[in-house]
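Trainee: this one's structure only:
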């Protein structure tokens, strides 16, 4: 390596980027100045180096001038490094002999003084020449891939992702923490903008998922921990005891009849009751009873045991234990869904204390034919049919001061749907919607909203609601009509709050186990907001559905299919490539102090206690360099980013 | 025990009932109230309404005087004084520029030595050291309801009373920090401690109309009416206030409310300190009940508690 020093032939290509660079930097002068710099064998400038002719020029020049390394002085390496690495490869040059000198974002875009910007460009390029003459040729690290996927979350997104991956021909583990798959979508009544019954379109998917030969359905299971890396994850999964053998259970419902414990029914949002031994809903998949240990009198035949006594199939066993098992997968799709923002947070809207102020999902259950009121709209307090209902959009959304600053996206549409369905069921009732804006960006969405106003005569008032309180039999809503500037007071029978969507309750713990990134609101972070919307920055993790942010059913399904396609991409590869610019350990220099281990965010480094040195799992290393900066002995040197390279770059910069 | 007490000007002039009942009640709890030497008006709402630095001088002088007298905190009963003192205090703690500019005014104040009467200038900067406590807060956190209960001579026998916070006591919540403004418990807990039954009603933190009784009296009449009606229809035999202005709007102007709203039969308005003092054994004659436009005497009977008719 040392022997190559200064004997390399380096080529410099200065890009104009139209006027982006050339408008501020004198590119010709830069190219000319570099001609004389030690190591530079060739230097030129070109209007768009990233264009096809620009790349061809690079390829031809590498061959013609027998270049050992090149500098492309252009935009940020995040944009075109791959482009030029590929060009180099076509010219027979190792892609890691390419350096990108960023003279756009770090120079021409941030300066106006042409003379100084030109000098700065020269310095930046000289520094990269110093680095390039010291670059090694590297080969990507290869690793096997385990062609089996884990999907976390059995809502519509998880089910869709699982079905698609399974249809691609790969095995899928679908983990759902609840007794049945179905998620939030199975709770909905009818779906906008077509008003098709949610259960009718959801249950076929659920059945398909449960019958698919390549999908292993793990309901009432939770992911305990995940280790390993893309293509080679080891997942520990906890099986929660159901206390009912799903195979033996014939759904005779005798156990439910005798169970003395009555608890609020989660599926009906607490608007009705279930027993401690229960089936979440009639179409539950898998179709079996589950004994909820938290509410059972004690899983003890001495204390109760009625369900066990009555079960002819002997399906009930109080002896079942929690078990944990390990599975190996190559990719993980996270589809953990969302929850609604707690009404308790909205004290001004009654803070959940007024029974006839409900959230959107509760209203979905009231609307649903299988719901607590069999589809007849009744208010929770006294079961009366409400003759006036106020719908409050943006409850807890778009509120930068106290609640969530973001738009929950689906509420405009589902509120229009709620108001419309209410009017269909209670034609002489009054439906009033308070809104900030009505956002109907979707196929056939605005037409639906117009229909709500024009055909179903729903009254839309632009303005926020300031206070909701109970006054006798009525729920009083104070708001403002910002189009007339007048205060509005409505005495309603019921209020439906379009509560903000927030990250699923308890999902934070899971995401910490997965070690994947979220944004400040706890939504999963995508690798790139536009170009890589279904991948996590952590390789091997894919995002689907509302875990990534509020979205409606078609979007969630589309994203799930996209995530599944990405998993297919991964599994289609013979082996995986990993960037070779990692940080190995020079064992001669390593003292085993283990400081680098504490710095590593990827658990790539471990201490070999026998030999007293640190060893690196190069597959896990993401090349962030934190360990290299911390290593006191210089044993941790990042490939093509060594201390020697960095110092020579700094020296070149300072020399001018 | 001596504690600093800032009555504010209204309590010295128009609403002495609040001041007198406070003093009498605190005596029963072995607490001596000391007024800061040479206190002035806090500026009422004015210091909070504009971004003028000089407006902050008045409330901060009061607080600085408490510090000069080695006081850690000052208690007050008037909601307006409480809001002004507390928010002026917070303003200079949160904003270094305000702190600097106000102290530039205050530094040159003349200091009079209490003993020698010698006059000097050059105060140390006031940095918001003195805590501002509402009497309700002081009773809860420092005296303790347990002690109040143990001293009760005439517990109210479950008299249904509406706690009225008004607009000033709880908001803005970030500044006032007296608990969740939409579901407050402070006043209710106090009423329970003296043996009354707090009545829940939705208007407890709505405005009574405040100064609109000067510029737009009809608006204040309506605002006060809605509060009183809501309290009454939820079963209150009386409404308790902490603020002299609320008292003025709801008690002194109650004849106007009755004129405008014929369905309203009237509701006595009490200061919370009158309730406290009487429960602790203070005689009715010193509670200032003669200042009330709506007779409230009937509520203060030794036993049994009056029947509530709606």
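Mentor: Happy to help now that I have it. Note that the structure is predicted; figures quoted are calculated from it, not measured. Residues are numbered from 1 along each chain as shown, chains lettered A, B, ... in the order given.
Trainee: next one: the least confident helix or strand in chain A by mean pLDDT to chain centre, how far?
Mentor: Least confident helix or strand, chain A: strand A:576-578 with a mean of 87, by mean pLDDT, DSSP states H and E. Centroid separation between strand A:576-578 and its chain, computed with Cα atoms, centre = their mean, to the nearest Å, is 23 Å.
Trainee: what do you get for stretch A:310-320?
Mentor: What separates the centre of stretch A:310-320 from the centre of its chain is 40 Å, taken as Cα atoms, centre = their mean.
Trainee: residues near the residue of the stretch 301-450 of chain A found nearest chain B, how many?
Mentor: Distances between the stretch 301-450 of chain A and chain B by Cβ to the nearest Cβ are smallest at residue A:347, namely 2.6 Å. (Glycine included, C-beta is placed from N, CA and C.) Applying other Cβ atoms under 10 Å in any protein chain shown, we find 18 other residues in the vicinity of residue A:347.
Trainee: and the nearest residue to residue B:47 once chain neighbours are set aside, what pLDDT?
Mentor: In space, and not counting its chain neighbours, residue B:47 is closest to residue B:55: 3.7 Å by Cβ to Cβ, 6 or more residues apart in numbering or on different chains. Reported pLDDT at residue B:55 in the predicted model: 88.
Trainee: what about residue B:55, distance to residue B:45?
Mentor: In this view, residue B:55 and residue B:45 are 10 Å apart by Cβ to Cβ, to the nearest Å.
Trainee: and these two? Which one has more around it.
Mentor: Applying other Cβ under 10 Å to residue B:55 and residue B:45 shows that residue B:55 carries more neighbours, namely 20 against 15.
Trainee: so the more buried one sits in a strand?
Mentor: No - using DSSP: H, G, I helix; E, B strand; the rest coil, the secondary structure at residue B:55 is helix, not a strand.
Trainee: contact partners of the lowest-mean-pLDDT helix or strand in chain B?
Mentor: In chain B, no helix or strand scores lower on mean pLDDT, DSSP H and E than helix B:46-49, which sits at a mean of 76. With Cβ atoms under 8 Å, 6 or more residues apart in numbering or on different chains as the test, helix B:46-49 has contacts from B:55, B:56, B:58, B:59, B:83, B:84, B:87, B:88.
Trainee: coming back round to it: note down every partner strand of the least confident helix or strand of chain A and its orientation.
Mentor: Note on strand A:576-578: by DSSP bridges, its sheet partners are strand A:141-143 (antiparallel).
Trainee: how about residues contacting the partner strand?
Mentor: Counting by Cβ under 8 Å, 6+ apart, A:229, A:231, A:232, A:575, A:576, A:577, A:578, A:579, A:580, A:582, A:618, A:619 sit against strand A:141-143.
Trainee: and which of those is nearest chain B?
Mentor: For the contacts of strand A:141-143, the nearest to chain B is residue A:229 (45.7 Å; Cβ to the nearest Cβ).
Trainee: how about the contacts made by that closest one?
Mentor: Residues near residue A:229 by Cβ under 8 Å, 6+ apart: A:143, A:539, A:540, A:617, A:619, A:620.
Trainee: give me that answer again for 7 Å
Mentor: Contact partners of residue A:229, counting by Cβ atoms under 7 Å, 6 or more residues apart in numbering or on different chains, are A:540, A:619, A:620.
Trainee: need those residues in JSON lines with pLDDT, can you?
Mentor: JSON lines is the format used below for the contacts of residue A:229 (pLDDT from 0 to 100):
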{"residue": "A:540", "pLDDT": "93"}
{"residue": "A:619", "pLDDT": "85"}
{"residue": "A:620", "pLDDT": "84"}
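Trainee: same list, the residues you listed, but only the ones touching chain B.
Mentor: Filtering those for proximity to chain B by Cβ under 7 Å from any Cβ of the partner chain leaves nothing.
Trainee: by neighbours, which of those residues wins?
Mentor: Among the contacts of residue A:229, the one with the most neighbours (other Cβ under 10 Å) is residue A:540, at 25 neighbours.
Trainee: state the number of residues packed around the closest residue to chain A within chain B.
Mentor: Here chain B gets closest to chain A at one residue, residue B:182, 2.6 Å apart by Cβ to the nearest Cβ. The local packing of residue B:182 (other Cβ under 10 Å) involves 17 other residues.
Trainee: so for the closest residue to residue A:134 other than its chain neighbours, what's the pLDDT?
Mentor: Excluding the flanking residues, the one nearest residue A:134 by Cβ to Cβ, 6+ apart is residue A:645, at 4.8 Å. Each residue has a pLDDT score; the one for residue A:645 is 96.
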